[in-house]
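1. Could you look at this predicted model? Sequence included:
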Amino acid sequence: MIFAASFCFLFFILLDHDFEWGRIRAYRSNLISGWLMTILVSSCALVLSILLGAVLTAGQLSSLRGTRWLARSWVELIRGTPLLTQILIGYYLVANRLGIDDRFWIGVVLLATFAAAYLSEIFRAGIESIPKSQLESARAVGFTSGQMYRYIVVPQAMRRVLPATAGQFANLIKDSSLLFVISVQELTMQSRETNAATYATFESYIPMALGYLVLTLPISFWTRHLEERFRYET
Amino acid sequence: MRLELQGLVKRYGAHPAVNGVDLSIGEKVRVLVLIGPSGGGKSTLLRILGGLERAEEGAVRVGDREMSGANESELQEHRRENGYLFQAFNLFPHLSLLRNVTLPLEKVHGHEPKAARERGLECLDRLGLGGMGGKMPAELSGGQQQRGGIARALAAKPKLLLLDEPTSALDPEMTAEVLAVIEELSASGQEIIMATHEMGFAKAVADHTLFLAEGKVVEEGADLFESPKEETVRRFLATVMRY
């Protein structure tokens, strides 16, 4: 009900507005480059987050108590604080202190660190969902524990976590919008600048929303497709 | 097969699953069958003999291998030399039947892929699974899956084949097809240790039978089915063989 009302409200506002696309024409290339930057920063962060997530997962499943505790605490620390807070602390306290000023890579690392904490939980759940009987069989045929993970556990877990991982990528794209606070020239940043220069709020922010949707909707459909396929296979 | 067990104890929490087993089995026994009530210690004993579990007390020698003081890599070596089959879910569901057989051959036993494939196909043929190598485990019946599990265990030419109630999750028809395979293996000279509830089959193939209850060997012998001495064994056999 509330959803339908909000939708109608938004629809009528849009209907009521007299769009003047000419006002943002001069900024069109900025918006496009911002959109491409969003894709680039999210993609780099995705690759890095998968690597970091795998390391955190290994840490959480480690037989060493200290490693387990460290990985667990890190995941809780990241999941327990807002991304915006992490960006502010990561940029103004950590990166500044280290004398690093490459906003793009700082953005990538901060986003990846954030996503990795969630991914590691997804990966851990995937690995723990493999039945004990599989591990027993793997031991019985003489696999080392490394081989057991490589050939038996990880390939099966990967298929199970693919939908959730894809969903996480959609989150990552949306979360990258917060990088405007450290002036990464991504879509939100460019849209805000366009708005500031032209006062054409609708014309600046509607394309921004569409720019994100164009990226996240296909992922969302793909995720749903993967979930259905997985349900069918099991 | 040669087995020497002395004062074997294995507990799960406070519950002793195996509680002081002594056993001496000589070369002339090829098929050893473990029978007895559920929870009597058959599976645990089999797991210890297969190197999947470590005994807490006592001495275990399987063939030339001293299992009691063995470290993990020695136990792993032991598992590589012998084949083990569980009640169900032996096959890896994400691999085709043939790959289930060839993967351990390549990665554990160091076969070349071509040789592993040939050996894999040969074993599948032998177990009546010729032409099914490309199927996924979910496409096979329970009986075919178990025969696939046996094919995988046999592929590496195990010294001992350990079977833990291999038919207890199967319907009668599939049970018969799996038992036929095991019977053929025993006839071909494969050394087998098998825990089972199939008394007729046990009687037919066993060279030596152990009756386990409450973690102890109540009675053992080559003619345990014909002339059980212990009252518990007599009662058990009378009950399970009544129908």
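-> Right, received. Where do you want to start?
2. Could you grab the helix/strand/coil label for the closest residue to chain B within chain A?
-> Across chain A, no residue is closer to chain B than residue A:142, which sits at 3.5 Å (CB to the nearest CB). C-beta coordinates here come from the backbone N, C-alpha and C atoms, glycine included. Classification of residue A:142 using DSSP: H, G, I helix; E, B strand; the rest coil returns coil.
3. and it, backbone torsions?
-> Dihedral pair for residue A:142: phi 100, psi 10, per degrees, to the nearest 10.
4. For chain A, what is the nearest residue in chain B?
-> residue B:80 (3.5 Å).
5. Run a quick check on that residue versus residue B:110, I expect a contact.
-> No: Residue B:80 lies out of contact with residue B:110 (CB atoms under 8 Å); the separation is 10.4 Å.
6. Mind checking which of these two has more residues around it?
-> Counted by other CB atoms under 10 Å in any protein chain shown, residue B:80 and residue B:110 do not tie: residue B:80 has more neighbours, with 18 against 9.
7. In which helix or strand does the more buried one reside?
-> Using DSSP states H and E, residue B:80 maps to helix B:72-81.
8. from the middle of its chain, how far away would that helix be?
-> Remark: helix B:72-81 is offset 16 Å from the chain centroid, using CA atoms, centre = their mean, to the nearest Å.
9. Would you mark the buried spots in it?
-> For helix B:72-81, a neighbour-count test (16 or more other CB atoms under 10 Å in any protein chain shown) marks B:75-76, B:78-81 as buried.
10. Strands of chain B, start to end?
-> B:3-12, B:15-25, B:31-35, B:57-62, B:65-66, B:83-85, B:160-164, B:191-195, B:208-213, B:216-221 (DSSP state E).
11. Please identify the deepest-packed of these.
-> Looking across the strands of chain B with neighbours counted as mean count of other CB atoms under 10 Å in any protein chain shown, the highest average goes to strand B:83-85: a mean of 27.
12. which residues sit in contact with residue A:41?
-> Residues near residue A:41 by CB atoms under 8 Å, 6 or more residues apart in numbering or on different chains: A:104, A:107-108, A:111, A:176, A:179, A:184, A:186.
13. cutoff 10 Å now
-> The contact partners of residue A:41, by CB atoms under 10 Å, 6 or more residues apart in numbering or on different chains, come to A:103-105, A:107-108, A:111-112, A:172-173, A:176, A:179, A:184-187.
14. circling back to that earlier point, any chance of the strands of chain B in a markdown table, with mean pLDDT too?
-> Converted to a markdown table, the strands of chain B look like this (pLDDT from 0 to 100):
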| stretch | mean pLDDT |
| --- | --- |
| strand B:3-12 | 90 |
| strand B:15-25 | 88 |
| strand B:31-35 | 92 |
| strand B:57-62 | 90 |
| strand B:65-66 | 88 |
| strand B:83-85 | 91 |
| strand B:160-164 | 92 |
| strand B:191-195 | 93 |
| strand B:208-213 | 92 |
| strand B:216-221 | 89 |
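15. now for the buried residues of helix B:72-81, which pair is the farthest apart?
-> With CB to CB as the measure, no two of the buried residues of helix B:72-81 lie farther apart than B:75 and B:81, at 10.8 Å.
16. Now for those two: what residues contact both?
-> Common neighbours of residue B:75 and residue B:81 (CB under 10 Å, 6+ apart) are B:51, B:65.
17. mind listing what's buried in stretch A:207-220?
-> For stretch A:207-220, the neighbour count (16+ other CB under 10 Å) marks A:207-208, A:211-212, A:215-216, A:219 as buried.
18. sorry, back to before: can you add distance to residue B:102 and give the strands of chain B back as JSON lines?
-> Formatted as JSON lines, these follow (distance: least, CB to CB, whole Å):
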{"stretch": "strand B:3-12", "distance to residue B:102": "31"}
{"stretch": "strand B:15-25", "distance to residue B:102": "33"}
{"stretch": "strand B:31-35", "distance to residue B:102": "28"}
{"stretch": "strand B:57-62", "distance to residue B:102": "27"}
{"stretch": "strand B:65-66", "distance to residue B:102": "26"}
{"stretch": "strand B:83-85", "distance to residue B:102": "15"}
{"stretch": "strand B:160-164", "distance to residue B:102": "19"}
{"stretch": "strand B:191-195", "distance to residue B:102": "23"}
{"stretch": "strand B:208-213", "distance to residue B:102": "34"}
{"stretch": "strand B:216-221", "distance to residue B:102": "39"}
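19. Which one, of the ones you listed, ends up nearest to residue B:140?
-> The nearest among the strands of chain B, by CB to CB, is strand B:83-85 at 15.0 Å.
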